[in-house]
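Chemist: sequence and predicted structure are below.
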Amino acid sequence: MTTTGRSALLGAALLGLVVIAVLSVGIGAHAIAPGEVVRALLGEGNPSDRAVVLDIRMPRAVLATAVGAALAVGGVLVQALSRNALAEPGVLGVTAGAGFAIAVGSSFGLAASAPAELGLAVLGALGASALVYAVGSRSPLRLVLAGTALSAVLLGLTLGLRLLFPETFDVYRFWSVGSLAGREQAPTTVPLLIIGLSLLGAFAVSRQLNAIALGETVAHTLGANVARVRTVTLLLITLLAGAATALAGPILFVGLIVPHLARRVAGASIPWLIAFAALLGPVLMLAADVGSRVLLPTGEVPVAIVTAFLGGPVLIWAVRKYGAAPL
Amino acid sequence: MSARLTARDLTLRYGDRVVSTRLTLDVPDRAFTAVVGPNACGKSTLLRAFVRLLRPAEGEVLLDGKDVGSFPGKGLARELGFLPQDPVAPEDARVRQLIARGRFPHQSLFASWSEEDERAVIEAMTAAGVAGLADRPVQELSGGQRQRVWVALVLAQKTPYLLLDEPTSFLDIAHQYQLLGLLARLRDEGRTVIAVLHDINQACRYADHLVALRDGRIVAEGAPADIVDAELIKEVFDLPSVVVPDPVTGTPMVVPSC
Amino acid sequence: MNSVSTLVLRRGRFSARLERRTLWFFVAMIVVIAGLTLLGLCYGAAWASPARVFAALTGSGGGPGVVIREWRLPRVLAGLVFGAALGLAGAIFQNITRNPLGSPDVIGLDAGAYTGALFAITVLSGTSTQLTVGSVLGGVLTAAIVYALSLGGGLSGLRLIVIGIAINAMLTALNSWIVLRAELEIAIAAVGWNAGSLNGVGWDDVAIPFGVLAVLFAVLFTRAPALHQAALGGALAVTTGVRWDRLRLVLVLLGVGCTATVTAVAGPIAFIALAAPQIGRRLARTPGISLLPAALTGAVLLTSADLAAQMLLAPEALPVGVVSTVIGGGYLIWLLTKEVRRT
C-alpha cells in the first residue's frame, strides 16, 4: 500500500475514532444525541446532560481510548521485539504480576478499595517485569520464555491463594475481568499520564525498532543501538501494559488482536503499525465499551468480554479473507 | 535425447498471480540443464513444480510417464533431490546430523542408520568439501560453508535427478566453480542435473542444455553454443552485449556492451 | 565417520543411531522416574516402607498392599502416563506451529474443555460423567472448529495460530463471564476443576484412557521420524519425502487425542504441554523439539507436581494444576538463568 493510501486510511481511522468517541459518550442509560454531546462538551446544553457527559461518560471514553491505545501499541512493540505472533503485552509477566499482587493483597485484607487495587496492580506489574528482564534480557526468545514461565508461576500461586481463601477468590474474579465501569473514584491521572508519555516514547523509538526487525547486523549498520533500543522498548511495554492493567484490569485480547489487524494495513513498518494500532485499539475499546453498556437490559458486561467477541470474529474474517500477515 | 522427466502445458500460479502459462519442457537425461532468466521470470517456480512443491493449475509434470503427484512421498524423494533457495536449519543442529537428514527417503522405522546411509553421508561430505566441518554447529558456519552443507544434504539423498535453485549463492568464486565442476562430474557419472543459475556465463560453460525463460515462457532452449547470441541476451535480459568464445573453454561468453 | 559421541546399533536389517548425550539423558530420566514412582507408592496417609511397596507389587502385603495397589499405583501411573501424553502433545504443537509458545491450547483445546465443563456445572448438575463428557466434547469441538477455519493456510500454520488466538480469546472471555456470574461456591468448584487434579483416580478411571493413550503413542511412534524431518522446513521436508499435509492432520489429531484423554480424567492441567518440550530439549540437548525428551520430562513434571500437591498442605490436597505451573515455570526460569550465565 502506498504512503498516500496509508495516510488516507490513517486519517479515516482518526475520523472514525472521533465519531465513535462522540457516539459512545451519547449512548447509555441516559441517552444523549450527538449534537447535544458536543454542546455539553463546550459547556452549554442542559445541566443533566452536562453532568453525565463531563463527569461520567467523558472520563470513561478517555479511559477507554487510553487503555485501548496502550494495549494495542504495547502489543505491536512486544510482537516486534520478540518476533513472535503469539506474544501479547502480558507475556512479559505484567498481567500475571498484577494479578498475583491483587491476590496476595486481598489475602491480607489490603485490597478493599479501588485506589488500593490500583496500587497493588502497579507494584505487581513492575516487580514481575523486573524479574523477567533479569532472566531473559539476552534474546527475544529467552524473554518470551522467561515471561511465560514467570507468568505461569505467578498464576499458579494466585490460583492456589484463590482456592484457599474464598474472599480472595471473589475479589480476584471481579478484578480479573477487565472493566471500565466504576473507575471514576480511582486516581487515574498518573497512569493516564504514563500512557500518554509512553505512547510518545513508542513513536520515538519506532524507526529504530524497524531497523532491528531487519536483523541485528543490518540494524548496527543503520546506526541503531540495539541493546539500548531493546531496553527502552521493554520499558515502554511494561509501562503501557502495566498502566492499562492497573486502570482497567486485564484485557488480554486488544494487545493480541489489534496488531494482527493493523499489520494488514500497515505492513511491516513499525511506525505505521504503531500509528494504526494507536487508533484501532481505542476504536475497538470504545465500541466494546458501548456494547458493554447496551448488551444487557440492566447492568454491564465487562468490557474485556465484549472486546474478545468483537475483535475475535473480525480477526478470523480478516485472516481468512486476506491471509495471515507474517511478522 | 531421452527424457524421463517432462513438463506438459504447465500453468503455474500463486493465488491470482500467474507465473507461467502452457510451458512444456523435456529435461534431457544424464545431462546438465541450466535454467536462466531475469528475476521473477518463473525459474524457481518451475523447479518447485517439478518437485511437487507447487501443484500446477493446469498441465502436469511427468516422471516415466506418471504424474509426479501420484508418487508416494519417499518414492519421489528417491528420484528427485531438490536444493531450495533459502533452506532452514533446525536449532542446534550439527553439520553431520543435518546432512544425515538427506537419507530420510531411504530409511524406515526400524532401519534408520544402515551402512549404506553412513557411506552416502561420508561421500556427500567429501564431495561437497565439508568433511572437516562435520562436528561444528551449523549456526556457526559462514554463508558459503552452510551452502556447501546443504549441497551435501541433497547429495546424500543419492537421487538420479538433482534440481538446484541458485546453488552458487553465498559461495566465493573458487567454490562456485568447484560446485559447478562437481555437478558436471555427477552428470558424467550418469545423474541428471537441473540448476537455476544466475550467472549466464557459468551456465554457458557447464550446461549441455540451456533453457532461457522470460515472463514465464521459454524464449529459447538448446545447447549454449547453438542458441546464445547477443539477440537472445537482449530479449531475455534486456541487456545489450557482445557474445564471444570463452578463451579457456570456447563456450559462449557474454560481455555487456553498455 | 561417527564421532565418539554417537552410538550405532546394527543387527541384520535393523539399524539405529543415538547420540551419547541423549542416551545419558534417557538413563538419568529413567532413574528419576523410578525414584518418583517409589516415592509416590510409599507416600500416603500412612507411609509405607519400600519393602512393603515391593511386597504389594508382587501381590502379597495384605491390607496396606491393597491400598498401594488399588489407590496409589493407578495414581502414580496416571501421573507418568498423563504427563508423558501432555508433554508429547506440547511437542507436537510446538513443531507444527514452529513456535516455542505453541501448545494444545493454541487450537483452543483447554479453553473449549473449560467451556464444556462450565456448561455441565452451571446448566446441568455437574456430575463426574457430565464433566467428562462436557469437557471432552467442548475441547474437541473447539479444536475441530479452529482447524476447519484454518484450512488452506499453507505450510507454516500461521493462519492456524492466529485463528486459534481469536477463538481462544472468545472462549476465555465467555468462561470468565460464566465464572463471574455464578454463585461463589459453584465458581470456586469450577475453577478448582479447571486447575486439574489426580485426586481419587483409581483403576476404573484410568483403564480406558491408558488403552487409548497406548494406541495414540504407538501411532505417534511410527510418525516420529517424519515429524523430526519436518523440522527442515517446508521445502526440504517435502522433497525428502515427508507428506506434510497428511502428516499435519494426523499430528493434530494425535495431539488433540492425547490432551482430550487426559482432560477427561483429570481436568486441564496447565503448563506441562508448554514447558515439558522446552525443558526436555534443553536437558537432552537435541536439535529442535523432539518427542521422547518431551514425554519423559512431562512424566517427571506431572508426577512430582502431584506428589507436591499431596504433600504441601497435607491432609488437604491442592489441585495439581496449581503446583504444575509453579514447578514447571520455576524450573524453566532456572534453566534460562543457567543459559544466560553460560553464554
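Modeler: Arrived safely. Numbering: from 1, shown residues only, chains lettered A, B, ... in the order given.
Chemist: where does the stretch 1-150 of chain A dip in pLDDT?
Modeler: In the predicted model of the stretch 1-150 of chain A, residues A:1, A:137-138 satisfy pLDDT under 70.
Chemist: residues from it in reach of chain C?
Modeler: A:84-87, A:91, A:135-136, A:138, A:141-142, A:144-146, A:148-150 (Cβ under 8 Å from any Cβ of the partner chain). (Glycine included, C-beta is placed from N, CA and C.)
Chemist: how far away is the residue nearest the centre of chain A from chain C?
Modeler: Nearest to the centroid of the C-alpha atoms of chain A, with distances taken as Cα atoms, centre = their mean, sits A:Leu71, at 2.0 Å. The gap separating A:Leu71 from chain C is 13 Å, by Cβ to the nearest Cβ, to the nearest Å.
Chemist: helix or strand: which one has that residue?
Modeler: helix A:58-82 (DSSP states H and E).
Chemist: what are the buried residues along that helix?
Modeler: Residues of helix A:58-82 classed as buried by neighbour count (16 or more other Cβ atoms under 10 Å in any protein chain shown): A:58-61, A:63-82.
Chemist: same check, this time on stretch B:55-72
Modeler: B:Pro56, B:Gly59, B:Glu60, B:Val61, B:Leu62, B:Leu63, B:Val68, B:Phe71.
Chemist: which residues does it contact?
Modeler: B:4-13, B:18, B:22-23, B:49-52, B:76, B:79-80, C:243 (Cβ atoms under 8 Å, 6 or more residues apart in numbering or on different chains).
Chemist: check what pLDDT B:Val35 gets.
Modeler: As predicted, B:Val35 sits at a pLDDT of 95.
Chemist: correction: the previous question concerned C:Leu155.
Modeler: pLDDT, read off for C:Leu155, is 37.
Chemist: swap in C:Ala189?
Modeler: In this model, C:Ala189 carries a pLDDT of 86.
Chemist: contacting residues for residue 34?
Modeler: With no chain named, the answer covers chain A. Neighbouring residues of A:Pro34 by Cβ under 8 Å, 6+ apart: A:Val22, A:Leu23, A:Gly26.
Chemist: um, chain B though
Modeler: B:Ala34 touches B:Ile194, B:Ala195, B:Val196, B:Leu197, B:Gln202, B:Ala203, B:Tyr206, B:Ala207, B:His209, B:Leu210, B:Val211, counting by Cβ under 8 Å, 6+ apart.
Chemist: for it, helix, strand, or coil?
Modeler: Reducing the assignment at B:Ala34 to three states with DSSP: H, G, I helix; E, B strand; the rest coil gives strand.
Chemist: repeat for the one 5 residues further on
Modeler: At B:Asn39 the chain is in coil, as set by three-state DSSP.
Chemist: could you check which residue of the stretch 101-250 of chain A lies nearest chain B?
Modeler: Among all residues of the stretch 101-250 of chain A, A:Leu141 sits closest to chain B, at 9.5 Å; criterion: Cβ to the nearest Cβ.
Chemist: residue ranges for the helices of the chain, please.
Modeler: You didn't say which chain, so I picked chain A. A:3-26, A:34-41, A:47-51, A:58-82, A:94-107, A:114-136, A:140-164, A:166-175, A:189-213, A:216-221, A:226-248, A:252-266, A:270-294, A:303-322 (DSSP state H).
Chemist: wait, I meant chain B there
Modeler: Counting by DSSP H, chain B has helices at residues B:43-50, B:73-77, B:95-100, B:115-128, B:143-156, B:173-188, B:200-206, B:224-227, B:230-237.
Chemist: format the ones you listed as TSV; extra columns: mean pLDDT, mean neighbour count and distance to C:Val27.
Modeler: Formatted as TSV, the helices of chain B follow (pLDDT from 0 to 100; neighbours: other Cβ atoms under 10 Å in any protein chain shown; distance: least, Cβ to Cβ, whole Å):
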stretch	mean pLDDT	mean neighbour count	distance to C:Val27
helix B:43-50	92	23	44
helix B:73-77	92	20	33
helix B:95-100	91	25	21
helix B:115-128	91	19	25
helix B:143-156	91	23	31
helix B:173-188	92	16	42
helix B:200-206	95	22	52
helix B:224-227	93	16	60
helix B:230-237	93	17	61
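Chemist: C:Leu307 is nearest to which of those?
Modeler: Closest approach to C:Leu307 among those is made by helix B:95-100 (36.5 Å; Cβ to Cβ).
Chemist: is chain C contacted by the closest one?
Modeler: Yes - interface with chain C: helix B:95-100 contributes B:Arg96, B:Gln97 (Cβ under 8 Å from any Cβ).
Chemist: run the chain-centre distance for that helix.
Modeler: From the chain centre to the centre of helix B:95-100 is a distance of 20 Å (Cα atoms, centre = their mean, to the nearest Å).
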